Structure formats: structure tokens, C-alpha cells
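1. What would the 3D arrangement of this be:
(chains A, B and C)
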Amino acid sequence: MVQRGQLEHHFDYILSGNATEDLMNFKTIFNHCIDIKYREFYINDVKKGSLIFLNGMVNTKTIDLDIMKQLMDCEENLFKEPELLAEDIKNIVHNKLIYSSQMCWVELFQEIVEHILSGNVALLLDGLKEVLVISAKDWDKRAIDEPATEAVIRGPREGFQETLSTNISLIRRRLKTSLLKMEEMKVGKLSNTEIVITYLEGIVNENLILEVKNRLERIEIDAVLESGYIEELIEDHSFSLFPQVLITERPDRVVGNLLEGKVGIIIDNTPFVIIVPGTFFQLLQSPEDYYQRYFVASSIRFLRLLSVVLSLLLPSLYIALTTYHQEMIPTMLLISIAAARETVPFPAFVEAFVMEVAFESLREAGVRLPRPVGQAVSIVGGLVIGQAAVEAGIVSSPLVIVVSMTGIASFIFPSFQLGLAFRFLRFPMMIAAATFGLYGILMMVLLLLMHMLSIRSFGVPYLTPLAPLRISGLKDVLVRVSWLKQSSNKSEKNKQQMGKPFIRHRQGKYK
Amino acid sequence: MRKQVILLFTVIAMFGMTGCWSRVELNDVAIVTATALDLADRNKIQVSIQVLRINMNNASGGNATVLFSEEGESILDAYRIIQKKIPRHLNFAHNRVIIVGDKLARSGMSDVIEFFSRYRDARGNSYLLATKGKAADLLKIGPSFEKFTAEEIREEQKAKVIDNVSLREFAYRLLEGGIEPIASQIQSVPSSDKALTSSNNDKKKQNNEWSLALVGVGVFRKDHLIGWMNAEEAECLLWFRNKVKGSVITTMLTGDKRESGKLSVQIMKSKTTIKPKLQEEKVSFDVRVEMIGDLYENTTKLSTNSLKNLETIQLAVEAEIQSRIKSTVKKLQLKYKSDIVGFGRMLHREHKKEWNERFEKRWEQEFPHVKVNVTAHFKIIGTGRINDSLTWEERDFKK
Amino acid sequence: MEIISRHQLLTISIIYQIGTTIIFGFAAGAGRDSWLAVLISTFFGTVLVWMYTRITHLNPGLTFIECYPAQFGKVIGTPIAWLHPLLFLYIAGRIVADIKSLVPTTILPGTPPWVILLFFMVVISYGLFLGIEVMGKLAEIILPIILLIFLIEVILIISSGVVHLENLTPILDKGWGRIWSVVWPLGIIQSFGESLALALVWTLMNERARVGRTMILSSLFAGLFIAFTDAMAVVVFGEEIFKRATYPLYALVQAISVSDFIAQLDATGVIYFCFMAFLKTYIYLFATIRSIQKLTYARRSRVFIFPVVSIAFVLGMTMAPNVVEHIAVVQKVIPYDPLYLSLMMVFPFLLFCVSWIRQKNKTQQN
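-> Numbering: from 1, shown residues only, chains lettered A, B, ... in the order given. Got it, this is the predicted structure:
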């Protein structure tokens, strides 16, 4: 991987106005870059010119038909006049020759190089100290696909893909207002990754945008390959296990959050958009909550809260109850568990720990392996863990139930990152339970809660609106209240602008 | 950074601490399901515990328990001796049944109550029962329906056919003034005639030919068992506590030929109020019983279709209730001199000044002499699926 | 500067004032009238707490302990002020000792108490490092959960069929004598007098003017809550067992048995208690640290965390050899201890009078 801040672009060249000379300079810069193509030509045998572009990132048809053909086919005497000024040449090329909607004149070498590298075509002409940069970007991209990590049953099936402009258009299509602002930045000394900050003016807190820009500007890194780089560099507590920004592949989710006064950070070359500030409960929400009937959505939210608790505590509760507090298990249930455990040679803690590790390995293996092999792994894993181990008396069947329930619970998390955090936390919990029983669990939960309460994401406490408590905010956290009942009055909006943007305003705001 | 260091320290410290001092794996636990206590020679206490023998293979049916019995100076002492015989750690928390033999019960229950109230693992919810004879013998009887005997006893207690007490309630009655403790009486009874005729008693007991039944109530004065009351009287005690659950009253109707026969009614709801009356120096209690129930059996030739007949039946049942309560109270007053109903407590509640001044100390002497007036009200609310008697009158046949 | 909201102060105070009584019971000496004793204690206790809040109100910008030097002069005031952190530390040590006596005997037999306490102290020091704001939020989250669990507990007890309402009668069986004997002074000192430690939190609240009302509200709520739990215990056990039980409210959880399935939840009772003890110890240690910081004019309070926590740990470990002595101290020694009485009642009363007269003079001059 590229090390941070080692290399820097630096060019001393200045455009001379002589096409041949300038071309030579470009060739020196792009030495050993086989993907850079040059096309030299003479217009009507008079004017020397040259096209420079990146092969594979441009549409050759555009170049052929809209640029080359026009230059070649132009009127005989267009450039024949001897007293042609640079201004006139520019005028002719700009207004009479090139068929392109996106083009501009650039003087600086540095900028031209950047344009070429991002897929634009540079047109050098003799006698001009400027280069015409024409957009002909076109490269092979993935089709707009259903997002893999955030599938919904009801809701749009579009997901972001790797191209920035497409992603921007996906958002813009959903908010046809001039209040939706997009600001561009570049991050990464070598990768020159384009980043777009997007927000809704009037809803977002101005200080938040400043802070986001500030943090993005402070980034010093050579390359940004994925949103994870940015996330790690701008979050408040990188030591924490919890994701403090929201990562999503869904344009509708981004728009929903923009409407809540959040800021989106779209990064080129990745389908994942960062939304800040991120809070815990936001990570527990799925965009579908807003598309389903709200009673159903509310009960699903409760289910998720339950699954948070289960995925964190179930194995440790099992350990604590079976090894420390046997009296708490109902007699008949205790007898069944005891009968199942009778032949198991390990302590409950070891048993549970090994099973959890096995489960996590299976899951990880399933993600990494190619799909056909992944299926084999899950079959083998299911057989080995589910049946053979139990029948051999190495693992007890109640524990298998516990582990699989935990597994299911941790898959309910709408945010994969959050799920990972809880998966990890399960292990210290189990150790605490094995050492101190319920007392250990309580103390660990207190530690965890205190940690979560101390986290802030861009000034917003992580557990808002639960703590600090805002009853009105709870309407969109514990339950999902109907749009008709979600408050959208002025005072609520003002509260949002204090940096606590939590109520959705999708109804009757801007008339 | 400091916070992180502390967090890290916590986690590491916990790893180091995984010594698990108080950890007991389920494989090393012996679950005690029932305890029987008897008085042995030389004032020793014999403790018998029924321990579950957990085995994956015999999960289906069969006696899954083992009985361990040992004598000791105290309960804990005996308990420790038993522990030495068992390779597993005895877990008392699921012990729901404590049976006390009458020898021990007559000599005083306070040691037992003391131990079970103090001992960490013991539960106040456990049922306390008394038995005539040796308590340990009852635990030898194999279960007929459940996996182990204790569960059967517990289920029987829950049915509330006979007044029952938990350990907590026994202690409450013992300590509280104006009410005396009781305990359900449990005995082994033959399940069928076969058991009686066969000899070799001990062996048969395993074979489901004997079963456990709640046959009455043991009456205590302070912590001493002083006598028994039979099932019918025990039922009366339930009425007093307003805890009736499907009690059946059968009464004989005598009269001319047409009217004589038996009537059985099932009580649906019962409410008993005890009102103490203090007149000068004399205390008397008005007991008022209000019951409603269904007529379930009618061997008389009375038609249940007529209101007048229903009235007759109601009156007969009322008389039965009245006489039962009267005889029960009389037995308590004259024979046992023990106020297990809690008349004294009622007096305390209504007349706290007089109670504190005069009765609290000498209620035991006072109780046998108080007058108890009983009034009963019974109302039939249903006559079952038919509304006329099927045993027709004779003239019906002549037609 | 950390700031907590009014709601956070309210929840902290409620949990703090309910505190360890959730297990030890309150005014058990009054037998079946204990709930009445609690209500009376609550009334007087609330007056006391109100007086504390007035004192801080009359001395704006100063924490409670700083008022002593400010009003009485440095020579008399400073020693009195210094007694406070010592008292707080002592009480914190007592709660730690509660944990030491309760947890190993109930849910972790065989685990050495020092390990249990060490874990407890580590968690508390982490909380102290994070500051009062985090604790405010924690209380805010936990209180509804505690109330919910309590509600479930009550429902379970009722459905266990062990409730005998008539156990509450006769009211005032043995007259007012035993009620007064538990109300004064123990009933007032316990929970309500101890709110003195909360006084060091008040200056951190964002709406200073509403401290008084918040504290009165929390005192009343906590009082009602304790009265209810006491009544609950009497209703289930009857007077005699209630008076004899070491941990009456712990036994209350044990009484739960719903169709023999949900039963023996006593471990959860202990967990409940541990959380209450956690917050209470936290507030005491926080008050200790903050008063030491104020009295030594130290800029940073964090340097005091480790020593103070260590002292509390050692105090807790060495406090009492057994639970009987431990509880006897609460009932027999503390209520008549001059230090307690003077710090919680006499001095604050004098301070109140002095501050009030000064304030009056000032307004008259103006």
C-alpha cells in the first residue's frame, strides 16, 4: 500500500504555445504510461495540433466523430489567414468546430494533467497558450444494481455504483431543488480522489458543514481506495469499536438523511456513501422502516432492539446461568439442559467460546469464498456443528440453539459495521460472565454503556435522542410514528439546527 | 488515551481473573428435588434427600432419582455427611418439597424453619408437608406420571384440594400472633386393591402400586405438631382462607321417600368473612360463608326444574356447610386448642388496642372459649346439562 | 465544563435516593407501619433537601462546601468544609462494604470479595474519568429500565399469589412510638440527608434556578417508591419476617414464583442492587473528588481519582467483619453520631440562617 505523503506532483513546465514543444513536455510527464495516447495532426496542413487522452477512459466515438472529424472536415481557409490572433483561434475552435457540451480552456500544466488523468481529452493547438479540455469520459462501469448489503422488500432497487457522476445523479433525481448543494473536494496526493459533500441548505447546521470540510481538508493520505479510509480519518473516536458514521449504498437512504439535516460524503470509486453525524439508533434503522406501515415498522424496530440485546448477551447469559445461577433456570428446563450437557467434557465457557469462534469463522469463510464453495462451507459447517458435534457429545444441543440464535440476532442489524462491533463485544462479555456470572455481565454492560455515552459523532452524542433524552426524538427511534404525527414545526427545525438533527421532515416543509 | 488504557486494563485484568472461583458446571451439580426430615435416635436429625440422576438415555420415564439418607446433629451436619457420599455438588435451589415426619414435627419445627430460612440456597416457596410415620419412606415411592416424586407432590399441592403452606407462610404463621401454623398431611396410599394384598411392601412401592396422596392437614401449636385433621376438615380450612378451587360438598337429604338421596354440589366461588365482636369482656366471632356452585349429582327424585326444590337443596347444602364449619372449629377449640384459622389475627386487626392489652399474651387460653357463630349462604347457579332428575318418580313409570 | 440537564439531575437524584434501600429496606423497625414511617421521613427529608438547595441558591456560583468558608469565614468554614469529603468518602466506603457483604454471600460464593470489589472500582474509576455528564446520561437511560423491571417485578409478585393486603392492618398497631424512632434521625439522614453529596452536582446543572424543584420532585418520588417497596415487603412477608430479614427486599424477589416457571430471580435482585450501589458510590466519590478539588483550588480533578478510589476500596474491604456489625452501625451508631448530625442538619441549618440574613441585609442596603 502506498505510504502517506511520500510523493508529490510537481511540474515546472509552462505552456509555450508551440504544439510540438508542448507535446514533448507531455510525453516526458507521461513517460512509460502506455495508456496515454497521442494523436498528432495538421488542420488543413497548416495548423499543427494534438490530442492527448487516456485510453480506456474516453469514448473513442466521441473523439472520432465530434472532435477529429470536425477538425479534419473544417473549411479550407479557416486557419489560412496569416494574422490570426490566439483569441480568434480559440473563438473558432470553441464556437465553430468542436461538438461538445462540456469543455473549457486550461492554462496550468498541473490541471491539464489532472484532467487527462480523469478521462478528459486535451486538445493542443499551435499558437495557443491554453489547452482545450473536452469531456469525453466514458469507461466500463457496472450497471446500476440492487445494493447487496441493504436489500429491501419494498423500496427502490437502485444502489450506488463506483462512478461519482452516476451517484450524484441518483441523489439529485430524488431531490429536485436548488437547495441540494454539492461541493467538490479532492483527497489523496496520488489518487486525487474526488469527494463530493452534499447537504440541504436551510436544514443542515452550517457549523456541521464547516466541520466536515475542515476534517476532510486536514486529511493527508496518498490514496483513498474506499470510504473506509475517509471514515477512519474523520471520525471522532477511532479507538472505539462502534461505527460513528453511517455507510450506505442506497440513494434513498442518503436523501432521507439529508432531509434530517445530515451531510453526505460521496467518494469516487466506491458505492458506499458516508453520512455524518452517525448515531447508534440511526445505524439500527433500515430505510424500509419508512416504506412499510408504521405499526409493522415500529414492531420491527423493537425486534431489532431485542436482537441487539440478544446478540450481545445471549451466550454470556447462558454461561452465567448454567455455571453460576442454576437456581434461576426453571427446574424442568434445568433438567433438560443438564441432561444434554451430561456428556460434554468442556466447561460451559469453553464450549460456548469455541462454538462462537467456529460460528464466526464459518460466517467469515462464507463471505470470502466464491459462491459455490461458500455453499459447501455452510453445509459442512452446519453438519459438523449442528449434528456431528452434538451427537458425539462434544457440544450440547442447548448451546447450539443459543449460538444460532445469537447468530440470527446479529444478522438482524441493518448496519453490518454495527453488527461486527457487537459480534466482537460478545467475547469479552462471555469472559466476564464466566468469571463473575451476572455480576460480571452487569459491570461489562455498565462499561459498555458508559463508553457509548461518552462517544460523540461530529458533536452529536452517540445515543441521541435516548441520552440526552429528547422525547420528541424518540418518536423516530423506538417506534416509527406516522408521518402525520411526526412534528414538522418551526421549533423542531430550530432544534435540528443546533446540531441534533433527528426528526425527519418529509411533510409540508417547503411550499 | 487514559480512558483507553483503563478500558484495556479492565479487559486484561478480567482475562487474568478467569479463575472462576464460584463456578459450578452443570455436569457437577446434583439437583435436590425433595427433602425428608425425621427425628432419629439420640435427638439426631435424619435428612433424606431425593437427588436427580440425570442421564441422557433414560430421559423417557422411569425413576430418575436416587435417595440419600444420613443422620446428623443438625440439618446442615447431615447434609454435609451426604455431600461426602456424592461426587457432585448438591444444589438445593430446586428443592420444592420438604416433608417432615411426625416424630420430628411433634418435637418442634423451629430448628427446621430456622435452617431453611437462613440457608442461602433454600427457598421460601418450597412446600412444607407433614406425614404420619417416617418421611423418608415417602420419597421411596416411585412416581406414576412425572419424572420424579417431588414433582408429583408439587403438582398435587398446586391443585389446592387441601390447604397447603409454603415454608414462608409456615414461618409467618409461626411468628405472627393470633394464627397457628399448619402443614398438609401426605401419606402413601395404595393405588389399587392389588397393592394391599401383595406382601413384600418395600419392593412393591417402586412399582407404582403405592402413590402419594394428600389426606389432610397437620395442626400445630407454636412449632409443635399436635394432631391431624382429615380431608373434609382440611377443606373447611380452605374455605376460611377463601382459596377454594373446585371443592365438592355432598349432603344427604332425608325426608319422605321421594326426597331422600344424595346431593353433590361443586363450589364455584366462596367467600368467607370473619367478624370479631367484642362485648365487654367477651369475644365472639361471626363467620359468614357465601358460596355459589353447580349441582353435579342428584340421586333424589326431586326435579331440579322447580324453584322450590332448588330452595330445598340450597337449604340442605347450607346446613351441611354450617355443620362442617362448626365441627371443624369445635375440633380446633376443644381438641387441639390451636387457632390455625387465624381468629386471633382478625381480632388483632379489628381491635388492636384490646388485643395488645389483653389477648396477645394469653390467646391460647382464650381461644377455646370464644363463641363462633356461623351463617352460610349457598346459591345454585347451574344444574348441569339436564334440568330435571333422570331418576323418574314412580308414577312416571306407571304411565 | 461539563453540564448536565435538569432531566439528568432528576434521574440521578432519584436513583441515588432510592439507592441501596432497594435491598436493605428502609425503616424496617417500624414493622408493618414502615411505609408510613417512610412517608413521614420523606416529608421531613424533603424539607431538609429543600434547605440544602436554598443554601446553594443564596450563594450563587459556589458549591455547597464552598459556602462554609464564604459565610463563616475561613477559620471556621474551611475545617467544616474539609469534613465533607471525609464523610463522603466514608459513606462511599460503606456502600462498597455493602457490595462486599452482599454479592459474595448471595450470588458468588467462593469468589474472593477483593476481586469483586476491584472490578467494581475499575468500572467506577472509568466512570469518574469520563465525568458526570456520562453518568447523567447513564442515569437517564437506566432509570426507565429500573422502573420497568420494578413494575414487572411487582406484577410477578402479585401473580405469584403471595400478596396478602391484610398484612398491612392494623395500621399504627403499636402506636406512633416506633414510627418516630425510625424517622428521627435515621429515616431523615438515610437517603435524604445523604443528598448533601448531590449538592456538588447541582452547580453543574444548566438551569440552576430549577434545582430546588427538581430535588423536591426526586425526593418525593424516591420516598413514594421506597414506601411502596416497603409496603410490598410487608404485604408478602408479614411484619415479623420483614423485621427479621437481613435483606428484606432481596427476599421479596425470591418470593416470585409464577406457575413455578419464573422463579428464584434473586440474582437479578442483586444485580439491581449492584447498579444502585454503583451510582451511589459514583456520586459520593465524585462529590469527594470535587470537594477536594474545590478546597485545594486544583485545576484538574483527575489526579484525585486514583487515590480516592483506592481509599474507598480499602475502606470497603476493612469496614466491618460481618454483615451484622455492618448493619448495626447503620442503625445504632450513625444516627447518633455527632459528625453525621452536625454535617447533615446542624451546620446546614446555621449556614442557611447566616446566608439568609446576609442576603436580607444586602437587599435592604440596596
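
2. show me where the stretch 201-350 of chain A has strands.
-> A:246-248, A:263-267, A:273-276 (DSSP state E, counting those that start in this stretch).

3. Could you dump those strands into a markdown table with mean neighbour count and distance to chain B added?
-> Quick note: C-beta positions are derived from backbone N, CA and C, even for glycine. Supplementary listing: these in a markdown table, determined by neighbours: other C-beta atoms under 10 Å in any protein chain shown; distance: least, C-beta to the nearest C-beta, whole Å:
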| stretch | mean neighbour count | distance to chain B |
| --- | --- | --- |
| strand A:246-248 | 24 | 24 |
| strand A:263-267 | 25 | 27 |
| strand A:273-276 | 24 | 23 |
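
4. Quick one: neighbours of residue 342, just the number.
-> Went with chain A since none was named. The local packing of A:Glu342 (other C-beta atoms under 10 Å in any protein chain shown) involves 15 other residues.

5. if you could check chain C rather than the one you did, that'd help
-> Other residues near C:Ser342 number 15, with proximity taken as other C-beta under 10 Å.

6. What about the one residue in the stretch 201-350 of chain A that gets nearest to chain B, how many residues nearby?
-> Closest approach of the stretch 201-350 of chain A to chain B (C-beta to the nearest C-beta) occurs at A:Glu327, with a separation of 3.1 Å. Neighbours of A:Glu327 under the rule other C-beta under 10 Å: 23.

7. separation between it and C:Ala245?
-> 18 Å (C-beta to C-beta, to the nearest Å).

8. Likewise for B:Val287?
-> In this view, B:Val287 and C:Ala245 are 33 Å apart by C-beta to C-beta.

9. quick one, which of those two is more surrounded?
-> When B:Val287 and C:Ala245 are compared on other C-beta under 10 Å, the one with more neighbours turns out to be B:Val287, at 22 against 19.

10. For chain A, what lies in contact range of chain B?
-> Contact residues (C-beta under 8 Å from any C-beta of the partner chain) of chain A with chain B: A:239, A:322-324, A:326-327, A:331, A:334-335, A:337-344, A:347-349, A:428, A:431-432, A:434-435, A:437, A:440, A:447, A:451, A:454.

11. near chain C, which of those residues show up?
-> Residues of those in contact with chain C (C-beta under 8 Å from any C-beta): A:Tyr324, A:Glu327, A:Thr331, A:Gly437, A:Gly440, A:Leu447, A:Ser454.

12. would you turn the residues you listed into TSV with pLDDT and distance to A:Tyr290?
-> Below are these laid out as TSV (pLDDT from 0 to 100; distance: C-beta to C-beta, whole Å):
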residue	pLDDT	distance to A:Tyr290
A:Tyr324	87	43
A:Glu327	83	45
A:Thr331	83	46
A:Gly437	88	42
A:Gly440	90	39
A:Leu447	92	34
A:Ser454	90	30
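
13. Could you point out which residue ranges in the stretch 1-150 of chain C have low pLDDT?
-> The stretch 1-150 of chain C contains residues with pLDDT under 70 at C:1.

14. those helices in it, which residues are they?
-> Taking DSSP state H, counting those that start in this stretch as the test, the helices found in the stretch 1-150 of chain C are C:6-18, C:21-24, C:34-58, C:64-72, C:74-106, C:113-130, C:132-159.

15. Just tell me which of these ends up closest to B:Ile75.
-> Each of those was checked against B:Ile75 via C-beta to C-beta, and the shortest separation belongs to helix C:74-106, namely 19.0 Å.

16. what distance separates that closest one from the centre of its chain?
-> Put simply, helix C:74-106 sits 12 Å off its chain's centre (C-alpha atoms, centre = their mean, to the nearest Å).

17. Whether that helix contacts chain B - can you check?
-> Yes - counting by C-beta under 8 Å from any C-beta, chain B is contacted by helix C:74-106 at C:Thr105, C:Thr106.

18. what comes up buried for that helix?
-> Going by neighbour count (16 or more other C-beta atoms under 10 Å in any protein chain shown), the buried part of helix C:74-106 is C:77, C:80-85, C:87-104, C:106.

19. can I assume A:Asn59 is in contact with A:Ile134?
-> No - counting by C-beta atoms under 8 Å, A:Ile134 is not a contact partner of A:Asn59; they are 10.9 Å apart.

20. So between these two, which is more surrounded?
-> In this view A:Asn59 and A:Ile134 are compared by other C-beta under 10 Å, and A:Ile134 has more residues nearby, 25 against 17.

21. which residues does the more buried one contact?
-> When the contact criterion is C-beta atoms under 8 Å, 6 or more residues apart in numbering or on different chains, the partners of A:Ile134 are A:Ile67, A:Ile98, A:Ser100, A:Gln102, A:Met103, A:Asn120, A:Val121, A:Ala122, A:Leu123.

22. how close does the third one sit to chain C?
-> Okay, so that is A:Ser100. Relative to chain C, A:Ser100 is positioned 57 Å away (C-beta to the nearest C-beta, to the nearest Å).
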